[in-house]
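> following is a predicted model, sequence given first.
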Amino acid sequence: MGTLRTFIAIELDDTLKSKLEKVQHKLRGEPISGFVRWVTPSGIHLTLKFLGDMDSARTPHILSAVKTACAGIEPFELAVRGTGCFPNWKHPNVIWVGLVGQVQSVTLLARKVEEECAKLGFDPEERPFSPHLTLGRVRQDMAPPERGQLGELVRRLDIGQIGVIHADIVHLMRSELKAGGAVYSSLGSVKLV
């Protein structure tokens, strides 16, 4: 057995990942973007719940919880459109691409995943679920004036709608931290029907 770093997510197709990489490329062309740790496009997911480190023996229990959470939720679609920052434009910590469309479905799914994982002893997320795809995280050593410039750069970027997520499978994902960055693999999945 052993310890695994895990999260529950919906995977994106390669076409969408390629389009997200192009959005990152637009932002990376600006000198101020050097303060951002960009997520590798192959590692961008729609995360429903970050579990953190857990004993690998818990994998079947987590998958059972995911199956329970998915019960009664039909496949749904989300349009990938617009950019933003958490917590806000003036002080960005996270740069993201937004999701619109059947947001009520993914929000319900995330809530049910949260509830089922809480029954297994995982701490509930304190912040409300906000569906998004993380493009990058701003380094902590970035000064406030530069943060504001970066937020303004993201705010002005007009990407329109760049794709659609066809959500029909939920994965329990493993994240292995390697020298070249995180490597992701699915430990199991549940199909939405």
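Alright, I've got the coordinates.
> which helices and strands does whichever strand or helix holds residue 66 pack with?
For residue 66, the element it lies in under DSSP states H and E is helix 59-70. Secondary-structure packing of helix 59-70 (3 or more CB pairs under 8 Å, 6 or more residues apart in numbering; DSSP states H and E): strand 3-10, helix 103-119, strand 169-178, strand 181-191. Just so you know, the C-beta spots here come from the backbone N, C-alpha and C atoms, and that holds for glycine as well.
> direction included, what does the last one pair up with?
Strand 181-191 has its sheet partners listed here by DSSP bridges as strand 169-178 (antiparallel).
> quick check: which of the helices and strands packed on helix 59-70 is buried the most?
Stretch with highest mean neighbour count among these: strand 3-10 (a mean of 19; mean count of other CB atoms under 10 Å).
> which residues touch it?
45-56, 59, 62, 66, 106, 113, 117, 165, 167, 169-177, 187 (CB atoms under 8 Å, 6 or more residues apart in numbering).
> the inter-axis angle of that strand versus strand 181-191?
60 degrees (axes from the mean of the first three to the mean of the last three CA atoms, to 10 degrees).
> direction included, what does strand 3-10 pair up with?
When pairs are called by DSSP bridges, strand 3-10 turns out to pair with strand 46-55 (antiparallel), strand 169-178 (antiparallel).
> averaged pLDDT, it. What do you get?
Here strand 3-10 scores 96 as its mean pLDDT.
> tell me how far that strand is from the chain's mean position?
In terms of CA atoms, centre = their mean, to the nearest Å, the gap separating the centre of strand 3-10 from the centre of its chain is 12 Å.
> now do stretch 69-85
For stretch 69-85, the gap between its own C-alpha mean and the chain's C-alpha mean amounts to 11 Å (CA atoms, centre = their mean).
> in this structure residue 131 contacts residue 102, no?
No - Residue 131 is beyond contact range of residue 102, at 9.8 Å (criterion: CB atoms under 8 Å).
> and for those two, which residues touch both?
Both residue 131 and residue 102 are contacted by residue 78, under the criterion CB under 8 Å, 6+ apart.
> more neighbours: the two, which one.
When residue 131 and residue 102 are compared on other CB atoms under 10 Å, the one with more neighbours turns out to be residue 131, at 22 against 18.
> residue 164 pairs with what?
On the basis of DSSP bridges, residue 164 takes part in beta bridges with residue 79.
> and it, how far is that from residue 55?
With distances defined as CB to CB, to the nearest Å, the gap from residue 164 to residue 55 amounts to 37 Å.
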